[in-house]
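J.: Here is a sequence together with a model predicted from it:
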Number of protein chains: 2
Amino acid sequence: MPPASARPRPTLVDVASAAGVSKSLVSLALRGDAGVSERTRERILVVAERVGYRPSLTARTLKQGRSMMLGAVISSLDNPYHTEIVASVEAAAEDSGLSVLLAHGSRDRGRLADRVQQLLDLGADGLVVVSSWVPEEVLVAAARRAPVVMVGRTAEPVSGIDSVNNDDEHGAALVVEHLVARGHRRIAHVTSSTRPAGIARRRGYEAAMRAAGLDDEVRVVAPDPVALGALLDDGTSAVFARNDVEAVDVLDHALDAGLRVPDELAVVGYDDTVLARRARPALTTVQQQRDVMGSRAVALLRERLDGRAEDVHEVLEPRLVVRSSS
Amino acid sequence: MPPASARPRPTLVDVASAAGVSKSLVSLALRGDAGVSERTRERILVVAERVGYRPSLTARTLKQGRSMMLGAVISSLDNPYHTEIVASVEAAAEDSGLSVLLAHGSRDRGRLADRVQQLLDLGADGLVVVSSWVPEEVLVAAARRAPVVMVGRTAEPVSGIDSVNNDDEHGAALVVEHLVARGHRRIAHVTSSTRPAGIARRRGYEAAMRAAGLDDEVRVVAPDPVALGALLDDGTSAVFARNDVEAVDVLDHALDAGLRVPDELAVVGYDDTVLARRARPALTTVQQQRDVMGSRAVALLRERLDGRAEDVHEVLEPRLVVRSSS
DNA sequence: CTGAAAGCGCTTACAG
DNA sequence: CTGAAAGCGCTTACAG
């Protein structure tokens, strides 16, 4: 006896012959077409249920030329910022009757490029890219096959590709203004990033420091133990880290050094991931409008599918979330 | 002008006519069939490349009756234990020339069931389920369509479904033995779980305590502040938490209470996720053989696809990883 | 070494 | 209200 899994799945034809009708009628009935009598539809539904019929998405996709699936690409699974954005993309897609295929690249550019191709080969109708690591030529090639939208300041604008970002410069300014209002002057920026978002946040930090008349206090360091040690010895009273992950590093370092947070050192992050809520003390951070980002990304894709040709770049305003670390 | 994305993708026929041959020949050439002359293949490859041809996986899947894709289902994206297993499944699948479609259920049983269906509807050749939340009837129904393997003690054995687990009882015993060897007697177990793995770990804890003659010290509490507070007041010198997440909760609680870890309280987790390595102090924990779990899961699926009918349940031995928290 | 033909499981005009 | 037919883009015997 062949294994259960080898049993061929029932098709439309099976349902049709079991119900004594043509397969077209079954198709129409299953999809709720108006031209099928209520009694016939009922009968067909019952038979389909009985034989365990499930439509083949593969066949449907081939026939229709569209899959009703969106692909989502993230750099890696272990970045909560990215997975939380994916959740919002999924929610928005579901509202539009679309499903989402998730792919990740384990932080590897080549793998990321492969995943983009694979999603497209699979028939994804559009792509949400939440990673600044996908090579630009891959994005350009992808956009020739299906609409692509970049989410979260993932790279400089690429012609033909929409984007939805948060205003990193403004977010950084919110942090500096908050710390200045709390009386801090020696405010350092911790960053290891050479990615677009990191660069923008750094730029925002520097501009805000200048705007506050603190040109001389501008200090940018990497999140390594030596640099952090020097920083703490230096009289720095507040640290703005480029994201929550690095803010937690600073937090750990400060606590190890015996500093009390926020009394002796204020620490602020960016992204408002679960890390910020879980940190001890809970982290002041900058919140991006993640839900809006997901729904705008899906909306932009749908507009492209409906024929829009001009590029659209949306920028959302971030919001400061004050917790116990500052 | 229609948007770039509306441009129809080139098909085999396009390549064939551009190369002046039949589409069968193009198919054979692209797949490296031996019966195609080297010169012809070369020429066809060049043309395919030039017109930007990419084979439609949808069409291929429909024709072949198999997709060369495996589906992986996890409860949620924010559990590092699950995502790390997925990574090992992906690596193993890649070695077998298979790709992996990832789906998650946001901890929702209904959603999880939907995702299982969707992966199957999409044509997944087999399913790796890394979640104990998928309803059994859904698993049974899925197994009629394609082979399913459960990874990580996700539920009691289901007939027709293979599994690969780690020996949770033994892992728990390793922890107790380690703590006893360190001189601890009052060793409590912290758990909130009613899932199979949690239950097995608790059972292992209790058995090991008895084996060590510590019947009277057996104490099982939930990871909430009140219970933990009572525990610490109680003279408990060591805590074995059912997983790393809850161990970190204990760690935070102990540090908040001013206890030094491990001197005044030893803490041990389970799973050896990234949380354990990142914790302060770094967490002693139990490591499952994740890489082996992934490759065994894929191997079991392939055996089923090749016709194996009997169920196989594999149990792997865990290993204690001693760090600074004990 | 190469081509014509059938068919995977659907959907969708087109007839009746 | 229902059925016969064509076709989505592939792969695979079957001829030659």
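T.: Thanks, I have the structure now.

J.: does whatever residue of the stretch 151-300 of chain A ends up closest to DNA strand C belong to a helix or a strand, and which?
T.: Taking C-beta to the nearest atom of the strand, DNA strand C has its nearest neighbour within the stretch 151-300 of chain A at A:Val298, 21.8 Å off. The way it works is simple: take the backbone N, C-alpha and C, and place the C-beta from them, glycine included. Element membership for A:Val298, per DSSP states H and E: helix A:290-305.

J.: which ones are touching the residue nearest to the spatial centre of chain A?
T.: In chain A, the centroid-proximal residue (C-alpha atoms, centre = their mean) is A:Ile85; its distance is 3.4 Å. Residues near A:Ile85 by C-beta atoms under 8 Å, 6 or more residues apart in numbering or on different chains: A:74, A:130, A:151-152, A:290, A:293-294.

J.: Can you narrow those residues down to the ones near DNA strand D?
T.: Among the contacts of A:Ile85, proximity to DNA strand D is found for none (C-beta under 7 Å from any atom of the strand).

J.: Can I get those in TSV including neighbour count and pLDDT?
T.: Converted to TSV, the contacts of A:Ile85 look like this (neighbours: other C-beta atoms under 10 Å in any protein chain shown; pLDDT from 0 to 100):
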residue	neighbour count	pLDDT
A:Ile74	26	94
A:Val130	26	93
A:Val151	30	94
A:Gly152	26	86
A:Arg290	22	90
A:Met293	24	95
A:Gly294	26	95
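
J.: Just confirm A:Tyr81 contacts A:Asp271, I think it does.
T.: Yes - between A:Tyr81 and A:Asp271 there is a contact under C-beta atoms under 8 Å: 4.7 Å.

J.: could you pull out the strands for the stretch 51-200 of chain A?
T.: A:69-74, A:99-104, A:126-130, A:148-151, A:162-166, A:187-190 (DSSP state E, counting those that start in this stretch).

J.: scratch that, the stretch 201-326 of chain A is what I was asking about
T.: Using DSSP E, counting those that start in this stretch, strands in the stretch 201-326 of chain A cover A:219-221, A:238-241, A:266-268, A:285-287, A:313-316, A:319-321.

J.: Out of these, flag the one nearest B:Gly183.
T.: Smallest distance to B:Gly183 across the strands of the stretch 201-326 of chain A (C-beta to C-beta): 37.6 Å, for strand A:266-268.

J.: tell me which residues in the closest one are buried?
T.: A:266-268 (16 or more other C-beta atoms under 10 Å in any protein chain shown).

J.: Check the offset of the helix holding A:Val298 from the chain's centre.
T.: Relative to the chain's own centre, helix A:290-305 is displaced by 11 Å; criterion: C-alpha atoms, centre = their mean, to the nearest Å.

J.: and that helix, anywhere near chain B?
T.: Yes - shown here: helix A:290-305 in contact with chain B (C-beta under 8 Å from any C-beta of the partner chain) through A:304-305.

J.: about what we covered before: got a list of what the residue nearest to the residue of the stretch 151-300 of chain A closest to DNA strand C when sequence neighbours are not counted touches?
T.: Distances taken as C-beta to C-beta, 6 or more residues apart in numbering or on different chains put A:Ala92 closest to A:Val298, at 4.0 Å, once the chain neighbours are dropped. Taking C-beta under 8 Å, 6+ apart as the criterion, A:Ala92 is in contact with A:294-295, A:297-299.

J.: same check, this time on A:Asp234
T.: A:Asp234 neighbours (C-beta under 8 Å, 6+ apart): A:186, A:219.

J.: and the helix or strand bottoming out on mean pLDDT in chain A, what does it pack onto?
T.: Across the helices and strands of chain A, mean confidence by mean pLDDT, DSSP states H and E is lowest for helix A:225-233: a mean of 87. Judged by 3 or more C-beta pairs under 8 Å, 6 or more residues apart in numbering or on different chains; DSSP states H and E, the packing partners of helix A:225-233 are strand A:187-190, strand A:219-221, helix A:244-256.
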